[in-house]
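> generate a structure from the sequence data that follows.
(one chain, ligands or ions: 1)
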Amino acid sequence: MSQFERASGLREGQERALGRYLRDHVSPYSGIYREALERRPVRAMEALATLPLARLEDVTDPAELILRPTPESLSLSPEREVRLRWWWARVRGRTAAFNRKVLEPRYKPVHWHSDTVPIGYTAEDLDRLSEIGRCTLEMAGVASDDVMVSLYPAGSSLGFWQMHLGARRAGLPALFLAPDVPPEEVARLRPSVLAGREGDLVRLLEGGREAGLSFAALHTLLVLGQPLDPARRARLSEMAGGPNGSVAVVAAWAPPGVRALWSECREGIDVHTWPASEVLELVDPLSGTPVPPGADGEVVWTPLGWKGTVVLRLRTGVYGSLEESPCVFCGRTSPRLRVVLTLPPFARVLDEHPQVALWQAELRTHQGSEELVVFLTPAVDGHPGRLLRQLDRQLSVTQFVVLDRQTLRKRLQATGDARVIDSRQ
Ligand SMILES: [Zn+2]
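Residues are numbered from 1 along each chain as shown. Presented below is the predicted three-dimensional model:
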């Protein structure tokens, strides 16, 4: 099968699935999309393209985004079986049983993630997230005879729950600990997989190294929450050690509002997306129009099959291109997103300098002019004068502030591991 045939086969499958989703679930039960979709063109993708782009920041009432069947909309359900069962339940006075068996698993949000707005998941959605989480682990090369220790903060976040549910579905022994757990405690558990945010994994591995601990069984670092650039990936791999770089660094992340983390495969560096549960478009960020095939654009995300909170055509603020040929590393055919990382050029200089162990930059406004302040910890002890002169030649920094490792770690931790803080007014 040629690449073109494969890609058009995928699009046809998505067209049919999107058509059913919009017709059977979104159009009848969404308060905000019902009207627009009732007049929709026949082709689902064309109907989607007529809807405005959405941003989570513009949502004023998250409750409006939830799919809510009502007695009236159920009587007119496009799904014949649902219509008949509802009618039968009403005739026999058994609507409570109908709600419990049919409606609640599908449509009642029973679990929430707090993103920019709360995102509701139904029981069926959680089942789906479990399966996607299992796939994330499988793609990372994690098997049920591994032991995973996760430092990802427990709470109402997608990263935590996708891993938690996925591990359970995969039958993977997993421990979910606090991000600041002492390295001794982790080493004692002899994990073969460590999962967490990049900054927390760095702190753990550095702390372990300083304490002379060994993570001998470790073969995979699962970095959750944000894309990795090559320099940070290499640094993590180097810190995780292992003979001949035998510890794989695998990332999984998604922008707010997207219902499941996109996941890298073990050898790959682009995230695999989930074509059975999402439709991705790439648009020009200024005009909002589709970019030509193969070009970079802003990712616009539409759910496929998800219930609970439904936002169609969500602008993600993520830029990149879609690769639709089979993955050269794992052979899977799900499209991969090649992200254009938007860190400023000075970030690369700091990332790649061998004598910079840690850094954080802050953009400020002072008396009307912009300043760039770089906080950094040198990799080696001693006077940092030469390092700072070197950096000064490459960067236009207003001020360097040299901090010891612990102080800078605390600073990073307090700002959610943000590498660039923009405090400009
Ligand atoms: Zn792959």
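
> confirm R364 sits in a helix?
No. Checked against DSSP: H, G, I helix; E, B strand; the rest coil, R364 lies outside a helix; its state is strand.

> for it, give me the pLDDT.
Per-residue pLDDT puts R364 at 85.

> which non-adjacent residue is nearest the spatially most central residue of the chain?
Nearest to the geometric centre of the chain sits A254, at 1.8 Å (CA atoms, centre = their mean). Using CB to CB, 6 or more residues apart in numbering and skipping residues adjacent in sequence, the residue nearest A254 is L261, 4.7 Å away. Where C-beta positions appear, they are placed from N, C-alpha and C, glycine not excepted.

> tell me the contacts of the one you found?
Contacts for L261 (CB atoms under 8 Å, 6 or more residues apart in numbering) come out as I132, T136, L158, G159, Q162, L224, A252, W253, A254.

> got the domain ranges for this protein?
108-269, 345-422 (automatic domain parsing).

> what's the most buried one of these?
Among the domains of the chain, judged by mean count of other CB atoms under 10 Å, the one packed with the most neighbours on average is domain 108-269 (a mean of 19).

> straight-line length of that domain, end to end?
For domain 108-269, the first and last residues are 37 Å from each other (CA to CA, to the nearest Å).

> so how far is it off the chain centroid?
12 Å (CA atoms, centre = their mean, to the nearest Å).

> and that domain, average pLDDT?
On average, domain 108-269 scores 94.

> tell me the helix or strand right after the lengthiest helix in the chain.
The single longest helix within the chain, with elements called by DSSP state H, is helix 3-21. Moving toward the C-terminus from helix 3-21, the next helix or strand (DSSP states H and E) is helix 27-29.

> which residues touch the very next helix or strand once past that next one?
Remark: after helix 27-29, the chain's next helix or strand is helix 34-38, criterion DSSP H and E. With contact meaning CB under 8 Å, 6+ apart, helix 34-38 is reached by L22, V26, S27, P28, S30, A47, T50, L51.

> how close does the residue nearest to the centre of the chain sit to the ion?
As defined by CB to the ion, to the nearest Å, A254 lies at a distance of 17 Å from the ion.

> give me every residue that touches that residue.
Counting by CB under 8 Å, 6+ apart, A254 touches L158, A260, L261, W262.

> can you pull the contacts of the residue of the stretch 51-200 of the chain at minimum distance from the ion?
Using CB to the ion, the closest approach of the stretch 51-200 of the chain to the ion is made by M139 at 6.8 Å. Listed by CB under 8 Å, 6+ apart, the contact set of M139 reads V250, S263, E264, C265, R266, H272, C330, R332.

> quick check, the fourth one in contact with R332.
Translated: C265. Yes. Contact criterion CB atoms under 8 Å: C265 and R332 qualify, at 6.7 Å.

> S396 against L372, yeah?
Yes. Contact criterion CB under 8 Å: S396 and L372 qualify, at 6.9 Å.

> and the two most separated of the contacts of helix 34-38?
Using CB to CB, those reach their maximum pairwise distance at P28 and T50, which is 18.3 Å.

> so between the two, which is more surrounded?
P28 (23 against 12; other CB atoms under 10 Å).

> who are the contact partners of the more buried one?
Contacts of P28 by CB under 8 Å, 6+ apart are R34, P69, S73, L76, S77, P78.

> near the ion, from those?
Among the contacts of P28, no residue sits close to the ion (CB under 5 Å from the ion).

> quick one, which of the residues you listed are buried?
The neighbour-count test (16 or more other CB atoms under 10 Å) marks P69, S73, S77 as buried among those.

> please list the residues of the protein that sit near the ion.
Contact residues, the chain versus the ion (CB under 5 Å from the ion): C265, G268, C327, F329, C330.

> contacting residues around the nearest residue to D284 once chain neighbours are set aside?
Nearest residue to D284, sequence neighbours excluded (CB to CB, 6+ apart): V291, at 5.7 Å. Contact partners of V291, counting by CB under 8 Å, 6+ apart, are L282, V283, D284, G297.

> the third one reaches V300, doesn't it?
No. Checked against CB under 8 Å, the pair D284 and V300 is beyond contact range at 10.7 Å.

> turn the contacts of A254 into JSON lines, columns for distance to R128 and secondary structure.
Shown next, in JSON lines, are those (distance: CB to CB, whole Å; DSSP: H, G, I helix; E, B strand; the rest coil):
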{"residue": "L158", "distance to R128": "13", "secondary structure": "helix"}
{"residue": "A260", "distance to R128": "8", "secondary structure": "coil"}
{"residue": "L261", "distance to R128": "13", "secondary structure": "coil"}
{"residue": "W262", "distance to R128": "15", "secondary structure": "strand"}
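
> in these, find the pair that's most separated.
Taking CB to CB, no two of the contacts of A254 sit farther apart than L158 and W262, at 11.0 Å.

> partner strands of the strand or helix carrying H113, parallel or antiparallel?
Per DSSP H and E, H113 falls inside strand 109-114. Strands adjacent to strand 109-114 in the sheet, as given by DSSP bridges, are strand 118-122 (antiparallel).

> list the contacts of the partner strand.
Applying CB under 8 Å, 6+ apart, the set of residues contacting strand 118-122 from outside is 62, 66, 104-113, 129, 158, 257, 259, 306-309.
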